[in-house]
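Asks: Sequence and predicted structure below; questions after.
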Amino acid sequence: MGLALVQSRALLGLAAPRVTVEVHLANGLPSFTLVGLADVEVKEARERVRSALLNSGLEFPSNKRIIVNLAPADLPKDSGRFDLPIALGILAASGQINGDALADYEFAGELSLSGALRPVRGALATALALHRQQDGARLVLPPGSAQEAAFVPSAQVFCAHHLLDVVRRFITRSANALVQTEQDTDSACCSDESEDTGETDETDALPAAGDTQTCSGLGWHAVQPQPAAPVRSSLDLAEVRGQAQARRALEIAAAGGHGLLLVGPPGSGKSMLAQRFADLLPPMSDDEALEAAAIASLAGRFTPERWRQRPTASPHHTASAVALVGGGSPPRPGEISQSHQGVLFLDEFPEFARSALEALREPLETGQITIARAAQRCEFPARFQLVAAMNPCPCGHWGSTVQRCRCTPDKVARYQARISGPLLDRIDLHVEVGALPPQELLAARSGETSEAVRERVVQARALAVQRQGSANHQLQGQALDDHLGLSPEALTFAHKAAARLGWSARSTHRALKVARTIADLAGNAAVETGHVAEAMQYRRVLRLPS
């Protein structure tokens with residue numbers, strides 16, 4: 001009887017700080033107290049742990065005063081991920097398992113009343129935090145969660161289906177007979193062909209070298225990732241007829257990582273173009289795939305089928321600012337973080353709340369979002385590509401040659417004013433998607449396939465990464481001057497055009513980044529006047545009627 005320590009992890013952004021579960025058994029009035037800034041879900045662990053221990057044939061010290069502390073005390077804890085470490089702490093403090101052998105492991109898992117382990121969210125984020133901290137601890141997780149965490153390189157992940165699968169690895173001689181009896185009566189939950197000797201031996205606790213399995217069997221075993229076959233999108237750019245300028249803008253945006261605004265009447269193909277954009281992007285690197293998967297894991301959205309696939313988020317226009325950028329207590333990632341290294345598609349752009357749209361301004365520049373609250377502060381990555389679509393006026397037909405607009409100039413001005421100038425400045429490409437007459441639409445031929453366009457995008461992105469180590473849209477300050485490569489004629493043309501159009505410094509720099517991408521697509525080392533002229537065309541298609 002006494003004190004036991006078990007290691008686990010909380011979820012706070014992508015940091016996953018360590019939590020020490022301290023369990024103390026003392027004489028006195030029987031009670032079960034849980035402290036350490038625990039949320040309601042964590043406090044409910046008392047009943048789950050009690051039932052899981054009893055239904056697993058283990059002893060619950062109901063005649064003792066049990067105190068469980070989740071340290072550090074000022075770190076908020078939520079979810080049922082601490083059920084397993086609390087149960088192991090009680091068993092170690094009561095002498096049923098060897099508490100010293102628990103020090104090399106970290107545990108997380110929710111317990112059912114029968115003792116079975118259920119998945120928890122954020123397993124991949126936890127393993128990624130261990131990888132970045134170069135922590136050699138081994139993770140013990142439930143099925144599903146263990147398979148997530150195994151995607152992190154060098155992660156030592158073990159899967160357990162039942163509480164007894166974990167207990168068997170750390171059992172002491174005094175409790176061996178009790179668990180052996182339970183094994184004989186409940187072998188379906190805890191299958192293990194080897195007999196327990198009653199000794200806590202490290203060589204017995206771990207599988208043999210190379211003995212790795214997936215999480216499909218029962219018992220305790222090491223886990224290796226098994227990515228599912230990638231699911232190819234059935235949407236192809238060849239299905240888009242006409243709209244040559246919009247297709248060209250999609251290619252430029254994908255090659256340079258630029259934001260894109262599509263403006264046009266209803267039915268002109270804006271959503272159709274945006275839905276095919278993610279398939280044009282280059283393959284994800286290892287670091288990009290890990291970060292995107294870790295954020296999906298925090299939200300409970302990770303699936304092996306989506307491994308190394310660019311995420312796409314398309315929230316409804318009724319989404320709040322918190323839903324877009326994240327928030328809550330504890331803070332959760334929003335849609336901009338869910339689309340990290342992918343695409344954020346905002347259809348009906350002006351219909352979003354003004355506060356939600358303005359909240360996008362800083363993440364578009366910095367590639368991250370900081371959520372600050374009185375008690376805590378979280379940072380989430382948010383390097384996404386914004387693709388927005390909108391009508392030019394309330395009825396949608398202003399400027400159309402197919403249908404007549406019924407809106408007054410005042411209505412058009414108010415509608416377009418819902419998108420602020422600073423936000424428009426941060427979107428690199430503004431493209432007008434006109435409505436095609438029926439006869440022209442039906443006569444148009446199919447365009448290039450997504451695969452053909454993606455090949456050019458990959459080549460252009462590779463040139464940029466080889467030259468400067470990043471996509472063109474990330475160029476800032478001195479790096480932009482060093483790698484832009486403007487010819488003297490192009491520089492003179494850019495100065496005159498920016499002065500005549502009254503552009504801000506941000507607008508000018510973003511147009512020059514687009515020109516750099518156009519030159520990369522053409523395979524040119526220098527940015528010529530023609531590249532700058534084309535980039536100038538993709539700015540400010542929102543123009544008020546006279």
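Replies: Received it, and whenever you're ready, just let me know what you need. Numbers count the residues shown, from 1 in each chain.
Asks: ranges for the strands of the stretch 51-200 of the chain?
Replies: 65-71, 105-107, 110-111, 117-118, 138-141, 157-159 (DSSP state E, counting those that start in this stretch).
Asks: Same list, these, but as a markdown table with mean pLDDT please.
Replies: Below are the strands of the stretch 51-200 of the chain laid out as a markdown table (pLDDT from 0 to 100):
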| stretch | mean pLDDT |
| --- | --- |
| strand 65-71 | 95 |
| strand 105-107 | 94 |
| strand 110-111 | 96 |
| strand 117-118 | 96 |
| strand 138-141 | 93 |
| strand 157-159 | 93 |
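Asks: could these go into a markdown table alongside mean neighbour count?
Replies: (Glycine included, C-beta is placed from N, CA and C.) Shown next, in a markdown table, are the strands of the stretch 51-200 of the chain (neighbours: other C-beta atoms under 10 Å):
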| stretch | mean neighbour count |
| --- | --- |
| strand 65-71 | 20 |
| strand 105-107 | 24 |
| strand 110-111 | 24 |
| strand 117-118 | 22 |
| strand 138-141 | 25 |
| strand 157-159 | 26 |
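Asks: Which one, of those, ends up nearest to Gly2?
Replies: Distance to Gly2, taken as C-beta to C-beta, is lowest for strand 65-71 among these, at 11.7 Å.
Asks: The closest one - which strands sit beside it in the sheet, and in what orientation?
Replies: Strands that pair with strand 65-71, judged by DSSP bridges, come out as strand 18-26 (antiparallel), strand 31-35 (parallel).
Asks: what's the average pLDDT for the shortest one?
Replies: When pLDDT is averaged over strand 31-35, the result is 93.
Asks: Kindly report the same for the first one.
Replies: Over the span of strand 18-26, the pLDDT mean works out to 95.
Asks: Distance from the chain centre to it, please.
Replies: 32 Å (C-alpha atoms, centre = their mean, to the nearest Å).
Asks: what about the helices in the stretch 101-250 of the chain?
Replies: With helices called from DSSP state H, counting those that start in this stretch, the stretch 101-250 of the chain shows them at 123-133, 145-149, 163-167, 173-185, 202-205, 244-256.
Asks: Can I get the third one as CSV, trimmed to CA atoms?
Replies: Taking Å, rounded to 0.1, in the frame of the first residue of the first chain, the C-alpha atoms of helix 163-167 are listed here in CSV:
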residue,chain,number,x,y,z
LEU,A,163,-7.2,-3.9,-19.1
LEU,A,164,-6.0,-7.4,-18.4
ASP,A,165,-3.7,-7.3,-21.5
VAL,A,166,-1.8,-4.5,-19.8
VAL,A,167,-2.0,-5.9,-16.2
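Asks: any weak-confidence spans in the stretch 251-400 of the chain?
Replies: Within the stretch 251-400 of the chain, the ranges that satisfy pLDDT under 70 run 375.
Asks: so who does Cys395 touch?
Replies: 405-407 (C-beta atoms under 8 Å, 6 or more residues apart in numbering).
Asks: wait, is it part of a strand?
Replies: No. Per DSSP: H, G, I helix; E, B strand; the rest coil, Cys395 lies outside any strand segment and is coil.
Asks: Run a quick neighbour tally on Ser154.
Replies: 9 (other C-beta atoms under 10 Å).
Asks: which ones are touching the residue nearest to it when sequence neighbours are not counted?
Replies: Nearest residue to Ser154 in three dimensions, chain neighbours excluded: His131, at 6.4 Å (C-beta to C-beta, 6 or more residues apart in numbering). With contact set as C-beta under 8 Å, 6+ apart, His131 has these partners: 152-155.
Asks: Most neighbours of all those residues, which one?
Replies: Val152 (24 neighbours).
Asks: Check which helix or strand the residue most central in space within the chain maps to.
Replies: The centroid of the chain falls nearest to Ile295 when counting by C-alpha atoms, centre = their mean (2.8 Å). In this structure, Ile295 sits in helix 286-298 according to DSSP states H and E.
Asks: Give me the contact list for that helix.
Replies: So helix 286-298 is contacted by 11, 14, 121-125, 128, 148, 151-153, 284, 302, 306-308, 310-311, 332-333, 337-338, 340-342, 380-381 (C-beta under 8 Å, 6+ apart).
Asks: Now Leu163. Nearest residue, chain neighbours left out?
Replies: Leu163 sits nearest to Gly115 (C-beta to C-beta, 6+ apart), 4.1 Å away.
Asks: And for the one you found, the neighbour number?
Replies: Gly115, neighbours per other C-beta under 10 Å, totals 28.
Asks: Contact partners for it?
Replies: 52-53, 55-56, 162-164, 189.
Asks: Just the buried ones from those?
Replies: Using 16 or more other C-beta atoms under 10 Å as the burial test, the contacts of Gly115 include 52-53, 55-56, 162-164, 189 as buried.
Asks: which of the residues you listed lies closest to Arg241?
Replies: Among those, and counting by C-beta to C-beta, the member closest to Arg241 is His162, at 57.3 Å.
Asks: and the closest one, bridged to which residues?
Replies: Under the criterion used (DSSP bridges), His162 bridges to Ala116.
Asks: any idea how far it lies from Leu84?
Replies: Using C-beta to C-beta, to the nearest Å, His162 is found at 11 Å from Leu84.
Asks: what is in contact with these two at once?
Replies: Joint contacts of His162 and Leu84 (C-beta under 8 Å, 6+ apart) are Leu117.
Asks: Stretch 366-380: which residues count as buried?
Replies: Buried, per 16+ other C-beta under 10 Å, within stretch 366-380: 367, 369-371, 378-380.
Asks: Tell me the one among these nearest to Ala535.
Replies: Ala535 has its nearest neighbour among those in Gly367, at 21.8 Å by C-beta to C-beta.
Asks: Enumerate every residue touching that closest one.
Replies: Gly367 neighbours (C-beta under 8 Å, 6+ apart): 381-383, 474.
Asks: do the same with Glu110
Replies: When contacts are counted by C-beta under 8 Å, 6+ apart, Glu110 touches 48, 79-81, 83-84, 117-120, 142.
Asks: let's see it at 10 Å
Replies: Contacts for Glu110 (C-beta atoms under 10 Å, 6 or more residues apart in numbering) come out as 41, 45, 48, 52, 79-84, 116-120, 142, 145.
Asks: of these, buried ones?
Replies: Counted by 16+ other C-beta under 10 Å, those give 45, 48, 52, 79-84, 116-120, 142, 145 as buried.
Asks: which residues does the residue nearest to Ser446 when sequence neighbours are not counted contact?
Replies: Excluding its sequence neighbours, the residue lying closest to Ser446 (C-beta to C-beta, 6+ apart) is Ala238, at 4.7 Å. Applying C-beta under 10 Å, 6+ apart to Ala238 gives the contacts 276, 445-453.
Asks: if I pick Val152, what's in contact with it?
Replies: 123-132, 139, 225, 290, 293-294.
Asks: Quick check: closest non-adjacent residue to it.
Replies: Val152 sits nearest to Ala127 (C-beta to C-beta, 6+ apart), 4.0 Å away.
Asks: For PyMOL, what selects the buried ones among the contacts of Ala238?
Replies: With 16+ other C-beta under 10 Å as the burial test, the buried ones among those are selected in PyMOL as follows:
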select buried, resi 276+447+448+450+453
